[in-house]
Every structure is written in structure tokens, then in C-alpha cells.
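Student: Make a model of this:
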Amino acid sequence: MSTDSIIIKAEDLTKRFGKFTAVDSISFEVKKGEIFGFLGANGAGKTTAIKMLCGLWKPTTGKANVAGFDVYKQTEQIKKTVGYMSQKFSLYDDLTVKENVSFYGGVYGLSNNSIKEKSEYLIKKLEIEKEKDELIKSLPLGWKQKLAFSVAVLHDPLLVFLDEPTGGVDPITRRQFWNMIYESASNGVTIFVTTHYMDEAEYCDRVSMMVDGKIAALDTPRNLKNRFNVKSMHDVFVKLARPDYVPNPIPSNQITTL
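Tutor: Numbers count the residues shown, from 1 in each chain. This is a model prediction of the structure:
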């Protein structure tokens, strides 16, 4: 992978909180334009890693470069270059749809004309014209998620961090959300997505599997399934997280005699 094609490069990136090591010396690269899955169970270190890469938290040790900027010295440049959608969303419940879009447009430094144009386009695209003056807290969760993603890419970032963006919604809404991800990726935006839904790994170009703060494996979904001789990414994760895992035998009273 050439240097010019890399948008994230981490080397031995570590974050400790007192004696607890949340992220333990992880090293990886993310290519421009790819959908990179950062998977693992709750508490595996995904959110901590993403906050360091976004410039929100300073690493304890190690190195990382995001979109050409150093995570120690150039955090403000990183924040202007990337988009970020947190687990709990980043919209304000007591503002309307239009007010949220305008607020974040201002945060991202967009002009008034640009904010107006992008706001009108976004609201029409999401088909929420009737709800544009409604408070965010009144919207269904799925609508909030799609709006939060749209706001995260409002300023045309090179890279978007999505921290467990599909938690708590129905399968149809998850599918719609991933269609939005595909669309952004097709326009050259790099997507860095964390999730604990193993089926979503199938939608990624490459996947990193986090276990106890470490990267246990990193490859394409197909290669990982072939490597562990399993049919699903869930099974890959089970093998990585529980190497001693043995499937429960079928109880004798449930065995059908042929």
C-alpha cells in the first residue's frame, strides 16, 4: 500500500486509564476510499481508539497520522478534516432539524449560502420536509441516525468516523443506513465504522477484529472466514474471542434417529 493511498496510519497506539489499558499497542493502516470495519464486543476498545484518531483524546503512547495530521500536535486540523458520528449521536434534542443542520454547518465553517443550500438538499434527500421544523427528540431513532450521518458529512470530509451508528434500530433501517455509507464511499469518502454487529462486517472492504484492546485479526471478510474455516463473521469473532470455544452438543433427547 503506497503512502499516498493511506489516510490513517497507527503504530503501537495505546491508551491507558490509570492501570487499565483500554487500547493496547494497535498498529494498522486504512486506505483512502475504503470502508474499514473496526469490530469487537462492547468494551473491546473500539470507542477509545476512534476518539484518539478523531483528535478528541490524546494517546498514552504510540503514533498515529490521520489525513496527513499528527494526533498529538494537529488535533484541530484533524477535527476540520473528518466527520464524526458518536454512539449517542451528536444532534441536539431541543433544536429542530433545520436548526441542527445550521448549527453544525456553522461549526464546520460553512458560509450561510452553503448552509442554506446543503440544508435544503439534505432535508429533501432524506424526505423529511414535513419534519424540518420538528424538534429532534420527536423523531424516530432511525431518522435521527440518518440525519446524524448526513450532518457528519455536511462539510465534505475526507474521512468519516462512525461509532456504532446502527445500534438499536430495526434491520430495514440498518440496511438504509448502509446504503448511505456506500453512497459516500462511492464519492471517495473513507468510512471508518465501529460496530458489535458481526453481520455488518460483510459490508466492509476490510475488517479489524478487536479483542481486549488488541487487534486480533485484520483482513477482508472473505479471507478471515477462509482463514478460520467458518461461514460467518460471527463465527470468526467467536474463535478469536473464545479460542477454547466448543459448540454445545445437541441434547440426546433432541437427536432425531434416521
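
Student: what's the neighbour count on the nearest residue to Phe38 once chain neighbours are set aside?
Tutor: Nearest residue to Phe38, sequence neighbours excluded (Cβ to Cβ, 6 or more residues apart in numbering): Thr194, at 4.4 Å. C-beta: built from backbone N, CA, C; applies to glycine. Residue neighbour count, defined by other Cβ atoms under 10 Å, stands at 24 for Thr194.

Student: Equivalent analysis for the one 4 residues further on, please.
Tutor: When neighbours are counted by other Cβ under 10 Å, Met198 registers 21.

Student: The spatially most central residue of the chain: which element?
Tutor: Geometric centre of the chain, nearest residue: Val193, 2.0 Å, by Cα atoms, centre = their mean. Taking DSSP states H and E as the definition, Val193 sits inside strand 190-195.

Student: Past that strand, which element shows up next along the chain?
Tutor: Later in the chain than strand 190-195, the nearest helix or strand by DSSP H and E is strand 206-211.

Student: What residues sit buried inside the helix or strand following that following strand?
Tutor: Moving toward the C-terminus from strand 206-211, the next helix or strand (DSSP H and E) is strand 214-219. Of all the residues in strand 214-219, those buried under the rule 16 or more other Cβ atoms under 10 Å are 215-218.

Student: now the angle from strand 214-219 to strand 206-211?
Tutor: Angle of strand 214-219 versus strand 206-211, following axes from the mean of the first three to the mean of the last three Cα atoms, to 10 degrees, is 160 degrees.

Student: For strand 214-219, name the packing helices and strands.
Tutor: In terms of contacts (3 or more Cβ pairs under 8 Å, 6 or more residues apart in numbering; DSSP states H and E), strand 214-219 is packed against strand 20-31, strand 206-211, helix 221-228, helix 233-241.

Student: In this protein, where is pLDDT below threshold?
Tutor: Along the chain, the parts satisfying pLDDT under 70 run over 1-3, 88-89, 243-258.

Student: Determine the longest helix present in it.
Tutor: helix 171-186 (DSSP state H).

Student: so the residue nearest to the centre of the chain sits right up against Glu34, yeah?
Tutor: No: using Cβ atoms under 8 Å, Val193 makes no contact with Glu34, being 10.8 Å away.

Student: ok so, going back, ok, the strand holding Val193: who's next to it in the sheet?
Tutor: Based on DSSP bridges, the pairing partners of strand 190-195 within the sheet are strand 35-40 (parallel), strand 159-163 (parallel).

Student: now those in TSV, with mean neighbour count?
Tutor: Converted to TSV, these look like this (neighbours: other Cβ atoms under 10 Å):
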stretch	mean neighbour count
strand 35-40	25
strand 159-163	24
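
Student: and those strands as a markdown table, adding distance to Asn226?
Tutor: Shown next, in a markdown table, are the strands paired with strand 190-195 (distance: least, Cβ to Cβ, whole Å):
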| stretch | distance to Asn226 |
| --- | --- |
| strand 35-40 | 17 |
| strand 159-163 | 27 |
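
Student: Go through those strands and name the closest to Leu56.
Tutor: strand 159-163 (9.7 Å; Cβ to Cβ).

Student: would you put the C-alpha positions of that closest one in CSV?
Tutor: The C-alpha coordinates for strand 159-163 follow below in CSV (Å, rounded to 0.1, in the frame of the first residue of the first chain):
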residue,chain,number,x,y,z
LEU,A,159,-12.9,10.6,6.3
VAL,A,160,-15.9,9.8,8.5
PHE,A,161,-15.8,8.0,11.8
LEU,A,162,-19.0,6.2,12.7
ASP,A,163,-19.1,4.8,16.2
